[in-house]
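Enquirer: got a structure for you, letters missing:
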C-alpha cells in the first residue's frame, strides 16, 4: 500500500521549498525594476504556498515518515512533475513564454539540468526570468528531494529510498551513516563549489548576475546561459577555462570531495570511475584539438585547445554550454562529441547520461566474458575501486542500458514522426534523455527547440525527466505491476 | 597450445573447397563466352588448389582432429581472411576491379553477406564475375566452416567449437547429437529453400542467371544483385513478394525448419524469438506503410505495402536489397529502418546484426530488474522458449552488446576521421558491422562504397568480418591473453 498521507505531506513540503526559492527572482526583479516579473513571481509563490501549505497542514502526522522504495519512486516522480508545473507559471503570466507547453518544457529542461531551450531571443527576457531559469538548474542539479531530506527533520532514516530514486548512478553510497547528514554534506559541498566558481568568475570581470547564473548552469551541468550565444559571449580565455574546470568538477562524484576533505587520498586514487572519467576527458580533448588544428579550422594550438576542452567538457558532463558552433566542426570532432553523448558524467555527480561507472561495468563484463571463452573453467572476478563487482549490480546496469537504448530509439521514432530529419531526431533523443541540451542539425548549439510541435515538447519533457531520474524511477510507475495490490 | 598442424590442415581444406566452387563461374563464363573471366578463375583456382593442396598434404595426420574453443576462434578467423584473399584475385586479374583493396572489400562483403559494394556500374561486369560475387554470399551465409564440418570426415566431435565460432547467435543448439549431422541438416535445409526460391523466381519470368544470383543474395541475407538498381529492376509484384518472403524465411533460425520437418509444432509455437521476430517484421511494415500512405509518397495502399514490406524485411534480416531509395523516404519511415538496423535476424539464421534473441534477453532482464526494484526479496525468473534463462547466457549477451556498441562508435569515429559526415559515418558503422549493406546518406541504397579511402575499405572489411563472426571470435584473437602460454 502506498502511504498517500505521508507522500502528500512531503510532496507539498517540496513544492513549498521550491516556491520559497522564488524570492530570489523577486529580489532580482526588484533590483532591475522589472515589476511585471516581480508581480508574476509573487502571485505564483503566494498561490502555491497557500495551496500546498494547506495540503501540508492537512496531512500532518505525529510520528516520523518512513518510505518504501515504491513510495520513493512515486514521490520523486510526482514532485518533479509538480515542481515543473508550478515553476513554469511565472513565464506564462508575464507572457515571456506565452505557451504553457513551452514554459513547461523550459522549466523541466531547467530542473533536469538539460539546458534545451525554446527561447528564440534569450536576451529579451527580464533579468528576473533569466535568473529563475538558471536557478531551476541549480536546484535540480544536486536534487530537490535531496535538499528536502537535508532540511526536513521529519524524514529520518526513511529518506534513503527518496535519495536513491533521485540520485544519479546505479548505487548511492551513504558517505556518512545518517541519511540526513549525507544529504547535508552533499549540498554543503555543492554550495561551496558554487561559491568558489562565482568568486572566480567575478575576478574575471563578470558582473554578479552573469557570474551567478553561469555558476548555476555549470555546477548543475545544466547549460542555460542568459546570453544568446552562450559562454561564447565572453572572449576571455580565463572565463572559459574557469567554466571548463568547474564543468569537469561538477561531473565528478560529490562523495569523492568529502573523501578529499577527510584527507583520504588512497580511496580517491583507487577510484576507477574518476580515473576513467579523466582519461575520457583528456583523451577526447586531445583528439578534437588535433583534428581542429590539422583541418585548419582555427588558428593556433592554444585556441584549438581552449575550444576543444570547453566543448568536450560541456558534452561529456552533459552541461551543454557552447563557445563554438560545434555543428560546423569537421566530422571527426563531431563524431567524438557524438560518442561522448553516450557516456555522460560520473555517478553521484550532477551530470546526466549513462554515466561512466556503467560504461566501466559493461567493459569489465565484456573483457571477463572473453576470459571465460578462453578458459571456461577459470574463476574470473570483476573489480571496481579495488572491490569485486556484485552480480546484481551488473544486472541493474544492464537493465538500465537496455531501457536507455530502447527509449533512445523510441524517442527518435517519435521525433522523426513529426517530420524532423533522422540525424536531428536521433540527436534530440540523445541530448534530452542524456540531459545534455544542444545536439546536431536542427538542435545544434546555435539552434533552439521552439520549432517543434507541442506534443513533441511534452514528449521531450518526459524524456528529460526520465533521463534525470535515471530511467527506472519513472518507468517503474508506468508498469501495471506497480499499481497491483 | 594451439594445434598448428591440425589448424593448417583444416584451413587448407577450407580454401580448397572454396576454390573448387570457382568451377561455377568458370562454367558461367564459358556459357557467356567470357574467356577473360574463364582464364582468370581457372588461374586462381589452379594456383590455390596447388598451393593449399600441398599444405593439406604436408599436414596430414593419422587420427581425427579435435579443436579447442581457442583453436576454433583462430581457425575460423584465419579461414575467413584467407578465403576472401583468394576469392578476390579473379576480379583483379581481369581488371574488373583494378584495386586489390576494393576487390578484397567486395569479396569480404560477399562472404560476410553484407552486400556493400564498391562497384559503380554493376551491369558492366561479366556474368562470371557477377555470379561469383553472388556465390560468395551463398557460401558465407550458412557458413564455409559449417560446410567443411559437414563434408570433412576427419572432423568429428571436435567440430563443435568451429561451428560455434562461426554460427550466429549467443548459443548454438545441436539439432541432432552428432555435430557432422547437424551441419549436414543445416546445409540441406539451406539448399532446399534455395532451390525452392530459384524455381519460384523462374516461374515469375526471371532467367536462370538472375534467379540463381538473387536466390544466393536472399537466402544468405546478402544483398548483392547483378542489377544496378537492385531488385527494383523487376517491376513484377510477384517477384518482389517472393523475395520478401524468402528474406523473412532466411532470417529465421534454421533449426526451427528441422523442428517443423519433424512435425514438432509445439516447440515451434513456444519459440519466443520467432514470435518476436515476426511481430517486429509485421509491426514495422505496418508503421512504414501507414507513414508512406499518409505522407502521400506513393499512390495506393498496395504499392505502399509492397515497398514497405520489402524494405523492412531487407533491413531487419540484414539483406540489403532495395526496391526503393529509402533514403528519400519521410523521416519516420527512415527512423523505423534505422531502429531495425539495431536488431537484425534470428540466431541460427543467415541474418546478421545483434539478433532478436539478444534483444529479447535484454528486455527480459530489464523487466526483471523492475520487478526486483518493487519486490527486492522476491524470486523472479526470466524465461525464454518456456525455459529459464541461464545467468551465464545473460552475461555473454551483455558482453556482446557492449562490444558491439563500442565497435559501432569506434568505427563511426574512424569513418568520420576520413571527412565523411556524421550520419553517413554512423550508418556505415551500423550497416557493415550488422552485415546489412546500404545505409543512409553517402551509403544510401543508390550509392556505393567506391568513394572511400583505401584504409577505410580495409577497416570496413574487418568490421564486416567481426560482425559476421559475432564479435567475440575475432576480438578474442586480438587480445594479448589469447597468445599467452
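Expert: Sure, I can see it. Please read all numbers here as calculations on a predicted model, not as lab measurements.
Enquirer: okay, CA-based contacts and neighbour counts for the rest of this
Expert: Will do.
Enquirer: what bits of the stretch 151-300 of chain A have low per-residue confidence?
Expert: Within the stretch 151-300 of chain A, the segments meeting pLDDT under 70 span A:155-158, A:168-174.
Enquirer: any chance you could map the helices in the stretch 151-300 of chain A?
Expert: Under the criterion DSSP state H, counting those that start in this stretch, the stretch 151-300 of chain A contains helices at A:160-166, A:179-203, A:208-219, A:237-250, A:254-261, A:265-270, A:272-294.
Enquirer: Can you add distance to chain B and mean neighbour count and give the ones you listed back as JSON lines?
Expert: Formatted as JSON lines, the entries for those read as follows, by distance: least, Cα to the nearest Cα, whole Å; neighbours: other Cα atoms under 10 Å in any protein chain shown:
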{"stretch": "helix A:160-166", "distance to chain B": "11", "mean neighbour count": "25"}
{"stretch": "helix A:179-203", "distance to chain B": "20", "mean neighbour count": "19"}
{"stretch": "helix A:208-219", "distance to chain B": "27", "mean neighbour count": "25"}
{"stretch": "helix A:237-250", "distance to chain B": "23", "mean neighbour count": "21"}
{"stretch": "helix A:254-261", "distance to chain B": "24", "mean neighbour count": "18"}
{"stretch": "helix A:265-270", "distance to chain B": "24", "mean neighbour count": "13"}
{"stretch": "helix A:272-294", "distance to chain B": "8", "mean neighbour count": "19"}
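Enquirer: Low-confidence ranges, the stretch 351-485 of chain A, go.
Expert: Low-confidence segments of the stretch 351-485 of chain A, defined by pLDDT under 70, are located at A:485.
Enquirer: Within range of chain B, give me the residues from it.
Expert: Proximity of the stretch 351-485 of chain A to chain B (Cα under 8 Å from any Cα of the partner chain) is limited to residues A:362-363, A:365-367, A:369-371, A:373-374, A:395-396, A:398-400, A:402-403, A:409, A:412-414, A:416-423, A:472, A:476, A:481-482.
Enquirer: Please convert the buried members of those residues into PyMOL selection syntax.
Expert: The PyMOL command for the buried members of those (criterion: 16 or more other Cα atoms under 10 Å in any protein chain shown) is given here:
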select buried, chain A and resi 362+363+365+366+367+369+370+371+373+374+395+396+398+399+400+402+403+409+412+413+414+416+417+418+419+420+421+422+423+472+476+482
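Enquirer: Out of the residues of the stretch 351-485 of chain A next to chain B, which sit inside helices?
Expert: Those of these mapping onto helices are A:362-363, A:365-367, A:369-371, A:373-374, A:395-396, A:398-400, A:402-403, A:409, A:412-414, A:416-417, A:422-423, A:472, A:476, per DSSP state H.
Enquirer: quick one: residue A:437 is in a strand?
Expert: No. Counting by DSSP: H, G, I helix; E, B strand; the rest coil, residue A:437 is located in no strand; its state is coil.
Enquirer: was I right about it contacting residue A:118?
Expert: No. In terms of Cα atoms under 8 Å, residue A:437 does not count as a neighbour of residue A:118; the distance is 10.9 Å.
Enquirer: Who has more neighbours out of those two?
Expert: Under the criterion of other Cα atoms under 10 Å in any protein chain shown, the comparison of residue A:437 against residue A:118 puts residue A:437 first, with 32 against 20.
Enquirer: ok, the more buried one - contacts?
Expert: Applying Cα atoms under 8 Å, 6 or more residues apart in numbering or on different chains to residue A:437 gives the contacts A:114-117, A:223, A:318-320, A:431.
Enquirer: Which of those sits closest to chain B?
Expert: When the contacts of residue A:437 are compared for distance to chain B, the smallest value, 15.7 Å, is given by residue A:431; criterion: Cα to the nearest Cα.
Enquirer: Now that closest one: closest residue in space, sequence neighbours ignored.
Expert: Using Cα to Cα, 6 or more residues apart in numbering or on different chains and skipping residues adjacent in sequence, the residue nearest residue A:431 is residue A:437, 5.3 Å away.
Enquirer: What is the subsequent helix or strand relative to the strand or helix carrying residue A:49?
Expert: When elements are defined using DSSP states H and E, residue A:49 is found to belong to helix A:35-58. For helix A:35-58, the following helix or strand on the C-terminal side (DSSP H and E) is helix A:69-87.
Enquirer: That following helix packs against which elements?
Expert: If contacts are counted by 3 or more Cα pairs under 8 Å, 6 or more residues apart in numbering or on different chains; DSSP states H and E, helix A:69-87 sits against helix A:4-20, helix A:100-111, helix A:160-166, helix A:472-477, helix B:356-374.
Enquirer: coming back round to it: can you pull the buried residues of the helix holding residue A:49?
Expert: Taking 16+ other Cα under 10 Å as the basis for neighbour counts, the residues of helix A:35-58 that come out buried are A:35-42, A:44-46, A:48-49, A:52-53, A:55-56.
Enquirer: contact partners of that helix?
Expert: When contacts are taken as Cα under 8 Å, 6+ apart, the neighbours of helix A:35-58 outside the stretch itself are A:8-10, A:12-13, A:15-16, A:19-20, A:22-23, A:25-27, A:29-30, A:86, A:89-91, A:93-94, A:126, A:128-129.
Enquirer: Would you list the buried entries among those?
Expert: Neighbour-count burial (16+ other Cα under 10 Å) is assigned, among the contacts of helix A:35-58, to A:8-10, A:12-13, A:15-16, A:19, A:22-23, A:25-26, A:29-30, A:86, A:89-91, A:93-94, A:126, A:128-129.
Enquirer: what does the stretch 1-150 of chain A put close to chain B?
Expert: Remark: the part of the stretch 1-150 of chain A in contact with chain B comprises A:69-70, using Cα under 8 Å from any Cα.
Enquirer: So out of everything in the stretch 1-150 of chain A, what residue is nearest chain B?
Expert: When you check the stretch 1-150 of chain A against chain B by Cα to the nearest Cα, the closest residue turns out to be residue A:70, at 6.0 Å.
Enquirer: can you pull the pLDDT of that residue?
Expert: According to the predicted model, the pLDDT of residue A:70 comes to 85.
Enquirer: Next: residue A:42.
Expert: On the pLDDT scale, residue A:42 is placed at 98.
Enquirer: Likewise for the one 10 residues further on?
Expert: Note for residue A:52: predicted pLDDT of 97.
Enquirer: Can you classify the residue nearest the centre of chain A as helix, strand or coil?
Expert: With distances taken as Cα atoms, centre = their mean, chain A has residue A:113 as the residue nearest its mean C-alpha position (3.7 Å). Secondary structure of residue A:113, reduced to three states by three-state DSSP: coil.
Enquirer: Apart from its neighbours in sequence, what residue is nearest it?
Expert: residue A:222 (3.8 Å).
Enquirer: For that neighbour, give me its contacts.
Expert: Under the criterion of Cα under 8 Å, 6+ apart, the contact list for residue A:222 reads A:110, A:112-115, A:137-138, A:141, A:216, A:318-320, A:435-436.
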